[in-house]
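J.: After the sequence you'll find the predicted model.
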Amino acid sequence: MTVGLTGRAVFAGVAGDPVAHSLSPRLMAHWIRTLGLDAAYLPFAVPPSGFEAFVRGLALTQASGLNVTLPHKETALALADRATPAARVIGAANLLTFHEDGILADNSDAAGFLAALEPAEPDYAGSTALVIGAGGAARALVHALVTSGVKNLLISNRTAGRARALAAELAPDAGIVPWDDRDAALAEADIVVNATALGLKGENDLVMDWAKARTGAIVFDSVYTPLVTGFLGGARQAGLKTIDGLDMLIGQARPSFRAFFGQDAPADPPVRPVLLEALGARP
């Protein structure tokens, strides 16, 4: 179903620097067309120096809100008038919505991560999770695991001090795994998460000795360009359950779609094949 845009159209978008690589416009356009909405979703390339002015100006229009990607997530939280508990705990916002009483900051990355893991049916209360990385992405994923009640959490980062700081703030009971010992930690982990940018664009893959992994472990990679990183490919070869970052992208977009357009994103036709085509991949 297709509806031409009118003067009453609702619009939203995604802001980043850069933003040309984002699949969010393709994803949101698919859902908008499926529902036949009088709406649009646009990419905005905004440098850090102009981000706050851009957001405040956009909030004065009929825009309903904005998704936020790197490097603006922390600034988005800081400029908002209100914030959800998730955004405040994570320390960053990827979703801003515009209201009469101001700008609301939220973070749907944690929900998107859990939505991506859901088909694998993880037993959080009985699981040990190993998170590799301690940057902004790791904050959302650690928060998701903690709030899901994961039994044991391990964090490994090249800079151990950042791992300790992350644990102290979001997961005081987490164990810190030295970077050179991350392979040994695979023997304990039921869920293994790459929350780094290693492997992005096929560069500097995160190398793991998957022969040491626990049978039946769930392996997640937040990177989706390429769709199958060296990290994920090695886990697949070892016979482990693997989940790519595209599923998290879709999962985090659903709360945004409802916030922007007032309707749930449709399940059919599925959006993943559309994104795979955009990536030049095949299901």
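T.: Noted; the coordinates are in hand.
J.: so what's residue 268 up against?
T.: By Cβ atoms under 8 Å, 6 or more residues apart in numbering, residue 268 lies in contact with residue 34. Yep, even glycine has a C-beta here, placed from its N, CA and C like the rest.
J.: pLDDT score for it?
T.: On pLDDT, residue 268 comes in at 94.
J.: Helices of the stretch 151-283 of the chain, start to end?
T.: Per DSSP state H, counting those that start in this stretch, the stretch 151-283 of the chain carries helices over the ranges 160-170, 182-185, 230-237, 245-261, 272-279.
J.: number of nearby residues for residue 49?
T.: For residue 49, the count of nearby residues is 8 (other Cβ atoms under 10 Å).
J.: of the helices of the stretch 151-283 of the chain, which approaches residue 57 most closely?
T.: helix 245-261 (17.7 Å; Cβ to Cβ).
J.: helices or strands up against that closest one?
T.: strand 10-16, helix 24-35, strand 39-45, strand 63-68, strand 95-99, helix 109-117, strand 218-221, helix 272-279 (3 or more Cβ pairs under 8 Å, 6 or more residues apart in numbering; DSSP states H and E).
J.: Lowest mean pLDDT across the helices of the stretch 151-283 of the chain, which one is that?
T.: Minimum mean pLDDT among the helices of the stretch 151-283 of the chain: helix 272-279, a mean of 93.
J.: which ones are touching residue 225?
T.: Taking Cβ under 8 Å, 6+ apart as the test, what residue 225 contacts is 21, 200, 201, 279.
J.: Look at the residue most central in space within the chain and report its pLDDT.
T.: The chain has residue 109 as the residue nearest its centroid, 4.0 Å off, counting by Cα atoms, centre = their mean. Residue 109 carries a pLDDT score of 94 in this model.
J.: Pretty sure it sits against residue 140.
T.: Yes - counting by Cβ atoms under 8 Å, residue 140 is a contact partner of residue 109 at 3.8 Å.
J.: Identify the contacts common to the two.
T.: residue 90.
J.: re the thing from before, same list (the helices and strands packed on helix 245-261) but as CSV, adding distance to residue 189.
T.: Shown next, in CSV, are the helices and strands packed on helix 245-261 (distance: least, Cβ to Cβ, whole Å):
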stretch, distance to residue 189
strand 10-16, 32
helix 24-35, 30
strand 39-45, 37
strand 63-68, 31
strand 95-99, 30
helix 109-117, 14
strand 218-221, 9
helix 272-279, 26
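J.: Report all helices and strands that the helix or strand residue 52 falls within contacts.
T.: Assigned by DSSP states H and E, residue 52 belongs to helix 51-58. Packed against helix 51-58, as judged by 3+ Cβ pairs under 8 Å, 6+ apart, are the following elements: strand 10-16, helix 73-79.
J.: sorry, back to before: highest neighbour count among the contacts of residue 225?
T.: residue 200 (17 neighbours).
J.: Find the nearest non-adjacent residue to it, please.
T.: residue 223 (5.1 Å; Cβ to Cβ, 6 or more residues apart in numbering).
J.: Verify the stated contact: the one you found with residue 202.
T.: No - counting by Cβ under 8 Å, residue 223 stays clear of residue 202, with 9.7 Å between them.
J.: Comparing those two, which shows the higher neighbour count?
T.: Ranked by neighbour count (other Cβ under 10 Å), residue 223 and residue 202 place residue 223 first, with 26 against 12.
J.: Can you name the residues in contact with the helix or strand that residue 143 is a member of?
T.: Here residue 143 sits within helix 136-147, counting by DSSP H and E. Residues from elsewhere that reach helix 136-147 (Cβ under 8 Å, 6+ apart): 70, 73-74, 86, 89-92, 107, 109-111, 113-114, 124, 129, 131, 153, 155, 157, 166, 170-171, 174, 191, 193, 195-197, 222.
J.: Let's see it as PDB, backbone CA atoms only.
T.: The C-alpha coordinates for helix 136-147 follow below in PDB (Å, rounded to 0.1, in the frame of the first residue of the first chain):
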ATOM      1  CA  GLY A 136      29.200   2.800  24.400                       C
ATOM      2  CA  ALA A 137      27.700  -0.300  22.800                       C
ATOM      3  CA  ALA A 138      28.800  -2.500  25.600                       C
ATOM      4  CA  ARG A 139      27.000  -0.300  28.100                       C
ATOM      5  CA  ALA A 140      23.600  -1.000  26.500                       C
ATOM      6  CA  LEU A 141      24.300  -4.700  26.200                       C
ATOM      7  CA  VAL A 142      25.600  -5.100  29.800                       C
ATOM      8  CA  HIS A 143      22.500  -3.200  31.000                       C
ATOM      9  CA  ALA A 144      20.300  -5.600  29.100                       C
ATOM     10  CA  LEU A 145      21.900  -8.700  30.500                       C
ATOM     11  CA  VAL A 146      21.900  -7.400  34.000                       C
ATOM     12  CA  THR A 147      18.200  -6.400  33.900                       C
END
